[in-house]
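Trainee: sharing a sequence plus its predicted fold:
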Amino acid sequence: MPQTPSPASDRFALTLDGTVCGFLASAEGGDISAPVIREPAGAFTRKRLGAPAPEPIVLSFDLSLKKIVYEWIAEFWHGNASTKSGSLIAVDVNNQARSELVFEKASIVATTVPAMDTASKAPCRLAVRLNPVTTSRRPSSGRVADPTAAPKKPWLPSNFRFQIDGLDTTRVRKIEALTVARGEDGAIDFPDVRVLLAGTTSPTWSDWHDEFVVNGKNDDSNEKSGSLVFLARDQQTRLGSVTLRGLGIYRLTREPIPERAAAAQVRRLVAELYCERMDLAVE
């Protein structure tokens, strides 16, 4: 029997270790499946099932959930492989529970911070991929109350502040999405940071590129630190942040202009940086 939490029209409340953490933007996965094992058998291939296991659970949500959620993500970014048990409660439009997908000893294997873009107004969502040891589905009833007492502050991609030591970041227009994942060797691999800047940006970026890449002054002392701060609509209130450490620029190019773009369109600069460590904090 499929272990999908509930029909797509439902909303989902997340619980972790007995705490109702809030409502998600979306949730999927957790189905029980088994791999098909293929073995040569003369002129044909023999097939059989391997051991059943739950499929990954993928969650999407904003910055309004309980602190336990973001602290769990922060631990993962620190390299701590802690596990949590919990559930996804599917509720109707009146927040009445319909069913519940229970997961045990789930570990985070990947998280994605959405792109920040001064030209975008679509809501931002964190994406988290979990690997549970077991899942099961059970009936559920009763009303699920939203545990967040304060009004939710919209998290929009256009409201951010980006800073890197010694660089002019006032003309940054976009930061591409950041996916932090655990590799097959168990180590956390922090993604490169891809930054799009206005074409009239300060020469501080090209000066650093010349020094770090062209002239080869790229030891640890020449790396930089920075931060990506998520802001509310007032552009003052902090919603959260990603601290960046061990930044090194390795490419600075002009953004290609699409063939049908206006001839007068100004080409943006694209800076690509490696990053050794990142830390997530939610206010």
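Mentor: That came in fine, so what should we check first? Quantities reported herein were computed from a predicted structural model and do not represent experimental measurements.

Trainee: can you list the weak-confidence ranges in the stretch 101-250 of the chain?
Mentor: Within the stretch 101-250 of the chain, the segments meeting pLDDT under 70 span 148-151.

Trainee: assign a three-state SS to the residue nearest in space to the middle of the chain, would you?
Mentor: Nearest residue to the geometric centre of the chain (Cα atoms, centre = their mean): Thr112, 1.6 Å. At Thr112 the chain is in strand, as set by DSSP: H, G, I helix; E, B strand; the rest coil.

Trainee: how is the chain partitioned into domains?
Mentor: Following automatic domain parsing, the chain resolves into domains at 11-139, 160-282.

Trainee: turn those domains into CSV, including distance to Lys152.
Mentor: To be clear about C-beta, it is placed using only N, CA and C from the backbone, and glycine gets the same treatment. Listed next are the domains of the chain as CSV, based on distance: least, Cβ to Cβ, whole Å:
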stretch, distance to Lys152
domain 11-139, 5
domain 160-282, 10
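
Trainee: now the helices for the stretch 1-150 of the chain?
Mentor: Here the stretch 1-150 of the chain has its helices, by DSSP state H, counting those that start in this stretch, at 67-77.

Trainee: any chance you could map the strands in it?
Mentor: Under the criterion DSSP state E, counting those that start in this stretch, strands of the stretch 1-150 of the chain are mapped to 11-16, 19-24, 26-29, 32-33, 36-41, 44-49, 53-54, 57-61, 83-91, 97-113, 116-117, 126-131, 134-139.

Trainee: between the first one and helix 67-77, how many degrees?
Mentor: With axes from the mean of the first three to the mean of the last three Cα atoms, to 10 degrees defining the directions, strand 11-16 sits at 70 degrees from helix 67-77.

Trainee: likewise for the second one?
Mentor: An angle of 90 degrees separates the directions of strand 19-24 and helix 67-77 when computed by the same axes, to 10 degrees.

Trainee: could you number the chain from 16 rather than 1 from now on?
Mentor: Sure, I'll start counting at 16 from here, so that last one is strand 34-39.

Trainee: which parts of strand 34-39 are buried?
Mentor: Buried residues in strand 34-39, defined by neighbour count with 16 or more other Cβ atoms under 10 Å: Val35, Cys36, Gly37, Phe38, Leu39.

Trainee: show me what the third one is bridged to.
Mentor: Taking DSSP bridges, one finds Leu29 as the beta-bridge partners of Gly37.

Trainee: ok, now which ones touch it?
Mentor: By Cβ atoms under 8 Å, 6 or more residues apart in numbering, the residues touching Gly37 are Ala28, Leu29, Phe76, Ser79, Leu80, Lys81, Val84, Asp161, Pro162, Thr163.

Trainee: what's the PyMOL line that selects buried ones from the residues you listed?
Mentor: Applying 16+ other Cβ under 10 Å to those, the buried members can be selected in PyMOL as follows:
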select buried, resi 28+29+76+79+80+81+84
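
Trainee: would you turn the contacts of Gly37 into JSON lines with distance to Asp46?
Mentor: Formatted as JSON lines, the contacts of Gly37 follow (distance: Cβ to Cβ, whole Å):
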{"residue": "Ala28", "distance to Asp46": "20"}
{"residue": "Leu29", "distance to Asp46": "18"}
{"residue": "Phe76", "distance to Asp46": "20"}
{"residue": "Ser79", "distance to Asp46": "28"}
{"residue": "Leu80", "distance to Asp46": "24"}
{"residue": "Lys81", "distance to Asp46": "26"}
{"residue": "Val84", "distance to Asp46": "23"}
{"residue": "Asp161", "distance to Asp46": "27"}
{"residue": "Pro162", "distance to Asp46": "27"}
{"residue": "Thr163", "distance to Asp46": "29"}
